[in-house]
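> give the three-dimensional model of this entry:
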Amino acid sequence: MVMGRLCEMHDLVRDTAVLIASRTQQVLTSSDGVELKEWPKEDRLKSCTRIYLPYCNIQELPERLDSPELEFLMLGTTDESLKIPDLFFEGTRKLKALHLKYIHFKSLPRSLGSLTNLRALCFFSCTLDDMSIIGELKQLRILSFQGLSQLEELHMGSFNKWDEEVLSGERNASIAELECLSQLTALEINAKMFPKTCPAKI
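Residues are numbered from 1 along each chain as shown. Down below sits the predicted model:
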């Protein structure tokens, strides 16, 4: 941002910045739009604090990601057969933000429950069946699901601050956000203060 206005970064400048960041071994990222066909070597991952790999075209991940300093991880795939091993997150106990894209889960990895510092968990166009392990993430503040157009059941439990504005100026969850779930057939909400207005489509 320059003088209050947004500006675009030239591809060459961006690629140079990525190269410099990668050389510090604190940030690991792939070039924008370029598929990753081979998982990075373990010694490159150990000191990383941020890993950004949105286009993994590989069939198998290592059993365990050994990145003890890692705080941010984005992992996406172009291969529908990609599976995340159960113990994959065991070596990432400092992880604070996790963003997963286009990954198909029958159940989430067991090691996800060990991420006691996780604050943000985002799923983009993922297939999810059993999500119960998310309940173990006691420090979680942001849980985002995008692209779940086929969602049929949603059990939200208790929440008493629908549409309420918080101190930061942001807003809490809104019932109106459910309008895009055209396949939703079961909705369970136990809310002490249900919003005054409810969208007609719900």
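> from now on I want contacts and neighbour counts done on CA atoms only, so please keep to that.
Will do.
> name the nearest residue to residue 77, ignoring sequence neighbours.
residue 56 (4.4 Å; C-alpha to C-alpha, 6 or more residues apart in numbering).
> wait, that neighbour sits on residue 76?
Yes. Applying C-alpha atoms under 8 Å as the test, residue 56 and residue 76 come out as touching, 6.0 Å apart.
> between those two, which has more neighbouring residues?
residue 76 (24 against 21; other C-alpha atoms under 10 Å).
> quick one on the thing from earlier: got the contact list for the residue nearest to residue 77?
Applying C-alpha atoms under 8 Å, 6 or more residues apart in numbering, one finds that residue 56 lies in contact with 35-37, 75-79.
> just the buried members of the residues you listed?
35-36, 75-79 (16 or more other C-alpha atoms under 10 Å).
> which residues touch stretch 110-121?
86-90, 92-99, 133-134, 136-144.
> so which of the buried ones among the contacts of residue 56 sit within helices?
Among the buried ones among the contacts of residue 56, no residue falls in helices (DSSP state H).
> quick check: of these, which lies closest to residue 69?
Checking these against residue 69 by C-alpha to C-alpha gives residue 75 as the nearest, at 16.7 Å.
> does that closest one touch residue 84 like I think?
No. If you go by C-alpha under 8 Å, residue 75 and residue 84 don't touch, sitting 10.2 Å apart.
> what are the structural domain limits within this protein?
Following automatic domain parsing, the chain resolves into domains at 11-148, 150-202.
> before we move on, the earlier item: hmm, which two among the contacts of residue 56 are most spread apart?
Of all pairs in the contacts of residue 56, the most separated under C-alpha to C-alpha is 37 and 75 at 13.3 Å.
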